[in-house]
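Trainee: quick one, structure for this:
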Amino acid sequence: RSFQVCLYRQHRPYVWLLSIVCLSSPHVPFEGCVNMEFASNTLAITVAIIFAVFQSGETQIRFVESPSSVVLAENDETTLSCRMDTTPERFQWKHYPVDTKQGYSSRYYLVLAEAHVENIPAHKYKSDNASTYLTIANTNASVAGFYQCLAHFGAEVIASKPGRISIPTLGEIPEQKNISITVTEGNTILWSCPEPLSNPLPTMTYLNSRKRVINSKYSRSSLLIPKATLEHKSIYSCTAYNQFEAMPGRSFLNLNVVRSGSGRNEKPRFITEPKRRYVVLKDSDVFLECSAVGEPIPTVRWSKLNGEISKKRAREEIGGLYIPNMRQSDQGTYICECSNRLGNISIEIQLEYNEEPRIVRGPFIRDNTTIVVEEGQDLELECEVEGVPTPIVSWFLNGRTIKNDANTRVEGNILRFETMQKNYAGVVQCFASNVVSTDCGHFSMPVLPKQISGVQDYATTTSKHKKKKHKTTRGRTHSAHMIPPSKPNVTRLSDESVVVRWKVPHSDNSLRIKFFKVQYRDISRESDASSTWLTANTDIAPHITSFDVTSLKPDHTYRFRIAAVYSNDDNKPSPKSDAFHLKRLDFETRNPLPIPIITKTETINATSIKVYWEYTPVANITINGFFVNYMPATISGDYTKTTVDGQHIRSYTISHLDPNTIYEIRMQTFDSKLASDFSQKMHEKTAVLIIETTAAPQAKKSEPEQTASVNIYLIIAGGPIGAALLIIVIIVAVVGRNWKKKKEANRNGNNDKQPAEDLSHHIQVENNEYDYPVMPSKNARANGCVISANHITIRSNPLADADNKNQNMIEMSCLPSQNNNCSTQPSASTQEIHLHTDKTAAKNKKQKNGDNPGENYV
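Mentor: Take a look at the predicted model:
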């Protein structure tokens, strides 16, 4: 069965090697080799083992890198890349185009099963071993859409997660009324301009009449001035921008601030109505804005419809409600009520939770009793997914979408094969998509063909030979070592987060580090001293030596350590950090550390940006260094943090960046206990990666050369297996030959013991008749056919000439027909075989009876 599966799935090395083995075996008839039905137990077991090994390995084939999503400016270009963990036979690229409106949308997502797809010509992309690259230039809006690469392994095809190319846009800020307002000092000012249509999402900035940027600690879309003073009297305007362009607003706020005690009485009112709907991604922070002005100064009270606000999950800040690390339990309707003795005003704010899709399990066979998929059977596959909004599942088979037909039926996350066909063998994938992103899982599905009826079953025997254990010795070599990271240093970031920093000792004899993992343990109580180490989910790149640990508990004590994972897939932890007490700070306590000011950013090359900064020292406070925080401006996520030790350094080069990407950069100072607030944001774009080639262009390989190259790889891969099979065949042949010689030697020995006058091999015929029951040996054949048991009757031939009466002539009857047609049915009349020792008599006899069919004379 295993061999038939190998044949069907077009694993050519299997067919090539096993055909050679079959034809080279002296114990397997040629017909068996042609039909691939050989009875050698050794070969059958070996084939099954090889197939099992290859089958288990196939499920590990995966994409290490899939196409990324890019916002591509006009007349700009980008390169999408895919990388496999093993080299395929060839790559292929597909394009899912979208219309103009969808191409400019920042929240559009694709349902692969329903989308139109176009194949990209092979001359537009290039491949290099396990990687492939597609360069796209934005000449018009038709390049917008989703791009997917496929890797071909013979008849099996696996598809990557799609990446999106979208077109940047920034519309005008919707008009609103200009506002002039007089407030008493101490009121919190909250004014906002409507966000325009933008891709990527816009950032709103606000300037006063002196063109100074007004930044808020939490608010990202509004002007928020806590406890306004007389100095805040000014005219304010707004500007929307993304990394491609900026759009100034037409409306303004004319703010007049007067001293308290002026006798003004005013019930609470909103300067502009707060934002009513927030959509927040899992683990992101959100600030629900709400503040009103009045005299006396209004107080703000927050509540949650059909629930309570957890003090551990949210805290009230001036101007709004701050919720860090968004969880699904945080979503709901929040009510903000502002009141003073003259009245109150309230508003409902809807908070929605989004989570990227995740393949929890699958695809997997729903029937746990099914181990092998066979042709003709019914089969159900399921893909267990999570995500908010609920992901839409699309099914692929060997790189093509599966749709309902006579034999397959798709029902959401369940795929049904009502009658399994042989051509369904290959890689089955499920893709889960929602507005956040797309995830996928795959399952390698071999299909065993039906058994051909009438094939002889050979009994299997188990070898009882004991296996000898061979002792092996290994020479001592000076191998590289796993050198662990240094003892980590810990600095407080907030009430619930810290930054962990470490160093990697340099050594020429150290194994290469693939990535780091940060582990921590709560030791607040004595019972926690032996608690389990928790591990952060993020794989930290080897060039990064700092990491933010979040979701910690205030006023708890922790220890931290760094686990380095090396190129041999083993790991070694660093020494444990000193016990660190995460102290809760009072909200009203001002962070004493100075905030650096980024003065300039400069593009160095395609992967590096240089940052320049200044900071004003504060008396009696000594800082240990600076944190440089950066991330792609098009991605909503966490900053990558780099540590710059030393308070006198004023510039740093950020490396290992992506080419042609705009980065958002912010900075902090830190000491041994605390990190400062963030600096202002700066944006800088890396250069376009230019690949220079000095060698002369090579001529494109012809199709036969490419095929030969692929076949060479297949032969090389099958070499060790072929050698193993050949050794097994040689052993079987030698053992069989020795056994045959031994048997012949025994027979000759027995013949030597007979008397010389023994004529048992001659038949002396008299006038009497003798019936000899003849039993054929097991599996005896005549011209390839099995001879059944019969009686041989020997008598004198009455038709012999008188001259030949005294010669030894016999007649053998009751034998089945043995002509060259191998018919298994006996002839209607008894056939006769006349044996004559005289050649002349035989010849005469043949001439007399030449017309009698079915008789052979020797």
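Trainee: show me the contacts for the nearest residue to residue 591 once chain neighbours are set aside.
Mentor: Spatially, and ignoring its direct neighbours in sequence, residue 591 is nearest to residue 677 (5.5 Å; C-beta to C-beta, 6 or more residues apart in numbering). In this view, the C-beta of every residue, glycine as well, is placed from N, C-alpha and C. Contact analysis of residue 677 by C-beta atoms under 8 Å, 6 or more residues apart in numbering lists 217, 591, 593, 595, 668.
Trainee: for residue 677, which three-state class applies?
Mentor: Three-state call for residue 677 (DSSP: H, G, I helix; E, B strand; the rest coil): coil.
Trainee: report the separation between residue 341 and residue 294.
Mentor: Plainly put, residue 341 is 10 Å away from residue 294 if you go by C-beta to C-beta, to the nearest Å.
Trainee: these two: which has the busier surroundings?
Mentor: Per other C-beta atoms under 10 Å, whichever of residue 341 and residue 294 has more neighbours is residue 294, with 24 against 10.
Trainee: how close does residue 337 sit to residue 292?
Mentor: Distance from residue 337 to residue 292, by C-beta to C-beta: 9 Å.
Trainee: shared neighbours, those two?
Mentor: 300, 345.
Trainee: the more surrounded of these two?
Mentor: residue 292 (26 against 17).
Trainee: show me the contacts for that one.
Mentor: Going by C-beta under 8 Å, 6+ apart, the list of residues near residue 292 reads 268, 269, 270, 298, 300, 338, 345.
Trainee: isn't the fourth one right up against residue 336?
Mentor: Read it as residue 298. No - applying C-beta atoms under 8 Å as the test, residue 298 and residue 336 come out as separate, 10.8 Å apart.
Trainee: the two: who's more crowded?
Mentor: Between residue 298 and residue 336, counted using other C-beta under 10 Å, the more crowded position is residue 298 (25 against 22).
Trainee: quick check: the more buried one vs residue 79, distance?
Mentor: For residue 298, the distance to residue 79 equals 55 Å [C-beta to C-beta].
Trainee: residue 639 now?
Mentor: Residue 639 is 25 Å from residue 79, by C-beta to C-beta.
Trainee: where does pLDDT dip in the stretch 401-550 of the chain?
Mentor: Along the stretch 401-550 of the chain, the model assigns pLDDT under 70 to residues 451-479, 526-530.
Trainee: ok, now with 50
Mentor: 453-477 (pLDDT under 50).
Trainee: now the strands for the stretch 1-150 of the chain?
Mentor: 63-65, 70-71, 77-84, 90-97, 118-119, 125-128, 131-137, 145-153 (DSSP state E, counting those that start in this stretch).
Trainee: I'd like to know how many residues surround residue 216.
Mentor: 19.
Trainee: contacting residues around it?
Mentor: Taking C-beta under 8 Å, 6+ apart as the criterion, residue 216 is in contact with 222, 223, 224, 319.
Trainee: redo those residues as CSV? Include secondary structure, neighbour count and pLDDT.
Mentor: Shown next, in CSV, are the contacts of residue 216 (DSSP: H, G, I helix; E, B strand; the rest coil; neighbours: other C-beta atoms under 10 Å; pLDDT from 0 to 100):
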residue, secondary structure, neighbour count, pLDDT
222, coil, 24, 91
223, strand, 25, 92
224, strand, 25, 92
319, coil, 25, 93
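Trainee: residue ranges in the protein under the pLDDT threshold?
Mentor: 1-59, 453-477, 587-588, 695-708, 710, 753-858.
Trainee: make it 70
Mentor: Scanning the chain for pLDDT under 70 picks out the ranges 1-60, 215, 262, 369-371, 451-479, 526-530, 586-590, 636-637, 692-717, 745-858.
Trainee: what are the ranges of the helices in it?
Mentor: Assigned helices in the chain, in chain order: 2-8, 12-24, 30-35, 41-58, 100-104, 703-752, 839-848 (criterion: DSSP state H).
Trainee: re the thing from before, so which of the contacts of residue 292 belong to strands?
Mentor: Among the contacts of residue 292, the ones falling in strands (DSSP state E) are 268, 269, 300, 338, 345.
Trainee: just give the number of residues close to the second one.
Mentor: Pointing back at residue 269 there. Around residue 269 there are 13 residues (other C-beta under 10 Å).
Trainee: give me the distance between it and residue 628.
Mentor: Distance of residue 269 to residue 628, computed by C-beta to C-beta: 43 Å.
Trainee: with residue 736 instead?
Mentor: 75 Å.
Trainee: of those two, which one has the most company?
Mentor: Using other C-beta under 10 Å, the more surrounded residue of residue 736 and residue 628 is residue 628, with 25 against 13.
Trainee: might you report the residue contacts of the more buried one?
Mentor: Under the criterion of C-beta under 8 Å, 6+ apart, the neighbours of residue 628 are 611, 641, 642, 643, 644, 652, 654, 665, 667.
Trainee: before we move on, what about residue 431?
Mentor: 112, 161, 393, 394, 395, 396, 438, 439, 440 are the contacts of residue 431 under C-beta under 8 Å, 6+ apart.
Trainee: any idea how many residues pack against the closest residue to residue 188 other than its chain neighbours?
Mentor: Spatial nearest neighbour of residue 188, excluding adjacent residues (C-beta to C-beta, 6+ apart): residue 291 at 4.4 Å. Residue 291 is flanked by 24 other residues according to other C-beta under 10 Å.
Trainee: do residue 96 as well
Mentor: If we define neighbours as other C-beta under 10 Å, then residue 96 has 17 of them.
Trainee: also residue 288?
Mentor: Neighbour tally, residue 288, other C-beta under 10 Å: 23.
Trainee: I figured it hits residue 317, correct?
Mentor: No - using C-beta under 8 Å, residue 288 is not in contact with residue 317, being 9.7 Å away.
Trainee: distance check, residue 663 against residue 519.
Mentor: Look at residue 663 and residue 519: by C-beta to C-beta, they are 29 Å apart.
Trainee: so which of these two has more stuff around it?
Mentor: Set residue 663 next to residue 519 and count neighbours by other C-beta under 10 Å: residue 663 wins out with 24 against 20.
Trainee: show me the beta-bridge partners of the more buried one.
Mentor: residue 632, residue 684 (DSSP bridges).
Trainee: hang on, isn't it packed against residue 634?
Mentor: No - assessed by C-beta under 8 Å, residue 663 is found out of contact with residue 634, at 9.7 Å.
Trainee: contact partners for the residue lying closest to residue 135 once chain neighbours are set aside?
Mentor: Nearest residue to residue 135, sequence neighbours excluded (C-beta to C-beta, 6+ apart): residue 79, at 4.8 Å. By C-beta under 8 Å, 6+ apart, the contact set of residue 79 is 133, 134, 135, 136, 689.
Trainee: quick check: ChimeraX command selecting the buried ones in those residues.
Mentor: Entered in ChimeraX, the line below selects the buried ones among the contacts of residue 79, by 16 or more other C-beta atoms under 10 Å:
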select :133,134,136
